[in-house]
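Visitor: one predicted model, sequence on top.
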Amino acid sequence: MRISDLVELNRLRESASKKVLPDKPYIAVGMGTCGIGRGAELLYDSFERIIKERDLNIILKKTGCFGFCSEEPLVNIYMPGFPLIIMHNVSEIDVIPIIGGIVKGIMPFRNVLCRIEEWDFITGKFEFGRGLTDYPLWNEIPFFKWQKKIVLRNCGLIVPDDIEEYIAVGGYQPLYKALFEMNASAIVDEVKSSKLRGRGGAGFPTGIKWEMMAKREAAQKYVICNADEGDPGAFMNRNEIESDPFMLLEGMTIGAFAMGATKGVVYIRAEYPLAVRRLKSAIEQAKAYGLLGENILNSGFSFDLDIVEGAGAFVCGEETALIHSIEGKSGRPSPRPPYPAEKGLYGMPTNINNVETWCNIPVVISKGGEWFTGVGTEKSSGTKVFSLVGKVKNTGLIELPLGSTLETIVFKIGEGTGTQKRVKAVQTGGPSGGCIPVDYLNTPVDYESLSSLGSIMGSGGMVVMDQDNCMVDVARYFTEFSNGESCGKCTPC
């Protein structure tokens, strides 16, 4: 099906909404890499076998990750008229009781994490149902209570392999708005007014970066997504692509239109096979639906996208090294200027943003820059996604407004070490970052505050350490990591 105008897009959105809120029960198994590692595939197979054997009228889905990785496998249970139920630590012995409860129309489940009565997908709202008040609401759970999901708004709640579910929750409405209700300069101005800063670590204002690129005249321009996530303990970009690949595609398509690019590349490490597979599927579907490729939505604008799999070299996260790798050369950085916006991929003007930056774009276009600046701080607007790992009770992927404190992350969301042992420090920013002692955990998480402590935000990896961690060993580990990954040309980085 090729969508040619807004009428067809809205018609599909209405019909596809029945996939998100069907008139019969569904079971959705979280099938991100984290869930699969905890047995989600076997769990899915068990559900599938029982449903087929008993010829039951129950829909079975594969979703992405809802973020609470330490509680995997996560399973969503929906029965019409009731809240969506999120179950945690589900195992194969739970399969028959879950299916039996659904058949009987009751939910006497032993391992319910929370319920969701309604959900704001930012680009659309859905109400699942009321009741089941014995179970806490999702935002009453400590892990979620302090979060604000913008980039992760769809993750774990829609099927990442189904473009129609993405459209059902408002996907591609921002792209239509950008193509038909705005011009290129208006899009750049909206991004500038949002004060969105690059989420890859440096924090450079995205709108200014786009403006530099848009002003360049060239026969060919490129946009690139840097999905070469190399920091130890970081898995934000992997999860975002695995759980909501169309969000990335839409953001890149809007950016390409705004900057006059007709070709794009997603540079992703080959160690992310599930993310690569889902991204390839998303690209194929977007092309089939007329939302990528030639004459998108009959607008006259064409944009094509390729995937390049990197070999996992840490240095290829640097933008000039990344460009060299795409060109088939050795992934080594080069001095700037010239900047990629002047001379980038194949010598042409090129804009590079990381996954999370691109994923914010549909929201900025949909809600407006002023709305976006209402989240976060004056200098650091919006939210930031972090991977919370290490010696902490609750691990997973979290998203919260910039300006929230490290204390909130470690002790409220993470609930501390979960043992009698004391938190010693938090490592942020990967090998280029630093370790922040527990006495400084009241520090706001924003670009300037972390820099003042000698660390950086980086791409979002956050490793909690307790009293058993030796800081000398930690320093040695990161020094050895940097030494092993270094190309020896340190000045460009």
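Guide: It's in.
Visitor: now do the buried residues in stretch 430-439.
Guide: For stretch 430-439, burial by neighbour count (16 or more other CB atoms under 10 Å) applies to 430-431, 433-436, 438. Yep, even glycine has a C-beta here, placed from its N, CA and C like the rest.
Visitor: likewise stretch 447-466?
Guide: Using 16+ other CB under 10 Å as the test for burial, stretch 447-466 gives 447, 449-450, 453, 455-466.
Visitor: ok, stretch 273-293 next?
Guide: Buried positions in stretch 273-293, judged by neighbour count with 16+ other CB under 10 Å: 274-276, 278-279, 282-283, 285-287, 289-293.
Visitor: tell me who's in contact with Met213.
Guide: The contact partners of Met213, by CB atoms under 8 Å, 6 or more residues apart in numbering, come to 221, 259-261, 341, 349-351.
Visitor: next one: it relative to Phe301, how far apart?
Guide: Look at Met213 and Phe301: by CB to CB, to the nearest Å, they are 16 Å apart.
Visitor: picking up where we left off before, which ones among the buried residues of stretch 447-466 lie within strands?
Guide: Under the assignment DSSP state E, these contribute 461-466 to strands.
Visitor: can I get those residues in a markdown table with distance to Lys412?
Guide: Converted to a markdown table, those look like this (distance: CB to CB, whole Å):
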| residue | distance to Lys412 |
| --- | --- |
| Gly461 | 19 |
| Met462 | 14 |
| Val463 | 18 |
| Val464 | 13 |
| Met465 | 18 |
| Asp466 | 17 |
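Visitor: which of the contacts of Met213 tops the neighbour count?
Guide: Thr350 (30 neighbours; other CB atoms under 10 Å).
Visitor: how about the contacts made by that residue?
Guide: Counted by CB under 8 Å, 6+ apart, Thr350 has contacts 213, 221-224, 323, 340-341, 344.
Visitor: one more time with 6 Å
Guide: 222, 340, 344 (CB atoms under 6 Å, 6 or more residues apart in numbering).
Visitor: from the residues you listed, which single one is nearest Ile167?
Guide: Of all those, Tyr222 has the smallest distance to Ile167: 26.9 Å, by CB to CB.
Visitor: dump the residue contacts of the closest one.
Guide: By CB under 6 Å, 6+ apart, the residues touching Tyr222 are 261, 263, 345, 350.
Visitor: quick check: beta-bridge partners of the second one?
Guide: When bridges are assigned using DSSP bridges, the partners listed for Lys263 are Tyr222, Asp304.
Visitor: tell me how the chain divides into domains.
Guide: Per automatic domain parsing, the domain ranges recorded for the chain read 22-161, 172-367, 383-483.
Visitor: for the residue lying closest to Asn360 once chain neighbours are set aside, the count of nearby residues, please.
Guide: Take Asn360 and drop its neighbours on the chain: the residue closest to it by CB to CB, 6 or more residues apart in numbering is Leu196, 5.7 Å away. Neighbour count for Leu196, taken as other CB under 10 Å: 27.
Visitor: low-scoring stretches of the chain, by residue?
Guide: For the chain, the stretches with pLDDT under 70 are 108, 316, 490-493.
Visitor: residue nearest the centroid of it?
Guide: Centroid-nearest residue in the chain: Glu240, 2.6 Å away (criterion: CA atoms, centre = their mean).
Visitor: how is that residue assigned, secondary-structure-wise?
Guide: Classification of Glu240 by DSSP: H, G, I helix; E, B strand; the rest coil places it in helix.
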